[in-house]
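J.: Coordinates for the following, if possible.
(one chain, ligands or ions: 1)
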Amino acid sequence: MKAYKNDAGEIRLFRPEKNMARFNTSSARIALPTFDPEVLTGLIAKLVKLDERFIPNQKGYSLYLRPTMIGTQATLGVGPPGSALMFVIASPVGPYYPTGFKAISLEATDYAVRAWPGGVGDKKLGANYAPCIVPQLEAAKRGFHQNLWLFGKEEYVTEVGTMNMWVAMKNKETGQKELITAPIDGTILEGITRDSILSLAKEKLVPEGWKVVERQYTMFELDDAAKEGRLLEAFGSGTAAVVSPVRNISWKGKIVDCGLKPDQEAGEIAQSMKEWIERRQYGEEEHEWSYRV
Ligand SMILES: *Cc1c(COP(=O)(O)O)cnc(C)c1O
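T.: Numbering: from 1, shown residues only. The predicted structure follows:
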């Protein structure tokens, strides 16, 4: 989660109740205690107020907040921890792209899986991240910014590194413009930015003729759409960057172009989503998503 400060010195948290709900479902899954979401939000708000001087007040800057919980019982063995420590890491952060958007290149990972049905890939657990470091390093070694997690022999596109994934493309049969993201089926993290984008897309893109779809889609489909010029843009979403435009995806030894022009760093939807979300985060548009500290 992040705390944002505007020119007037007002401080806001973005959708804390949703972040706290996810913290609770993640904790509960590994037998750690849960907290009353409102009480926890109130405590974090107090911390943010105390650390107010560390929140930069320029657009794009914020105080990154990482509520964390660990079991602390000093025993070996598999069982619910008898004691736990909950703490919040806070750090000022600058804009993800100080010089504006920079489209990234992805490497599709098919030799390892991040999550599987019935697993814990939909929870924010430290255990989900450690096994992702080697595939990430492998992708970086070959010059890619992040890896793209595929699933199954169908090569379903699930998510990017630590971001949810979005594609905008024209339907093969009807030509209908669709904004597509993978469904909540246990194999993706339930991003709060993802939820915000879905909601904004329904509010602002559907009236302009777009269809917003949560469904499984495959690398084969993307490749097909790219070849036929139907793939308009792709981007990742998460609290850190809000949105991260994707230029291309390396897959099966070829490069799938995601639709940006060579001199273009972000597609129209990625650009608009970032602006719409930031407006609410910094309180330029008053909205129920933002919590005044
Ligand atoms: C945190 C995270 C996201 C993004 O979630 P937000 O709530 O939007 O920040 C996506 N995927 C993974 C694996 C994550 O850990």
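J.: Please enumerate the strands of the chain.
T.: 2-5, 11-14, 62-71, 84-93, 104-109, 146-151, 156-160, 163-170, 177-181, 211-214, 231-238, 242-251, 254-257, 290-292 (DSSP state E).
J.: Tell me which of these lies nearest to the ligand.
T.: strand 231-238 (3.6 Å; C-beta to the nearest ligand atom). In this view, the C-beta of every residue, glycine as well, is placed from N, C-alpha and C.
J.: Off-centre distance for the closest one?
T.: The chain centre lies 11 Å from the centre of strand 231-238; the measure is C-alpha atoms, centre = their mean, to the nearest Å.
J.: try stretch 100-118
T.: Distance, centroid of stretch 100-118 to centroid of chain: 12 Å (C-alpha atoms, centre = their mean).
J.: and if you look at stretch 90-108?
T.: Chain-centre distance of stretch 90-108: 12 Å, with C-alpha atoms, centre = their mean.
J.: How about stretch 68-85?
T.: With C-alpha atoms, centre = their mean as the basis, stretch 68-85 stands 28 Å off its chain's centre.
J.: Now tabulate the strands of the chain in TSV and tack on distance to residue 118, mean neighbour count and mean pLDDT.
T.: TSV is the format used below for the strands of the chain (distance: least, C-beta to C-beta, whole Å; neighbours: other C-beta atoms under 10 Å; pLDDT from 0 to 100):
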stretch	distance to residue 118	mean neighbour count	mean pLDDT
strand 2-5	32	24	97
strand 11-14	31	23	97
strand 62-71	23	18	97
strand 84-93	25	13	97
strand 104-109	20	22	96
strand 146-151	13	24	96
strand 156-160	15	24	96
strand 163-170	20	24	98
strand 177-181	21	21	98
strand 211-214	20	15	98
strand 231-238	24	25	98
strand 242-251	26	24	96
strand 254-257	30	16	97
strand 290-292	34	16	95
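J.: Tell me who's in contact with residue 170.
T.: Residue 170 makes contact with 176, 177, 178, 225, 230, 232, according to C-beta atoms under 8 Å, 6 or more residues apart in numbering.
J.: All good on my end, thank you.
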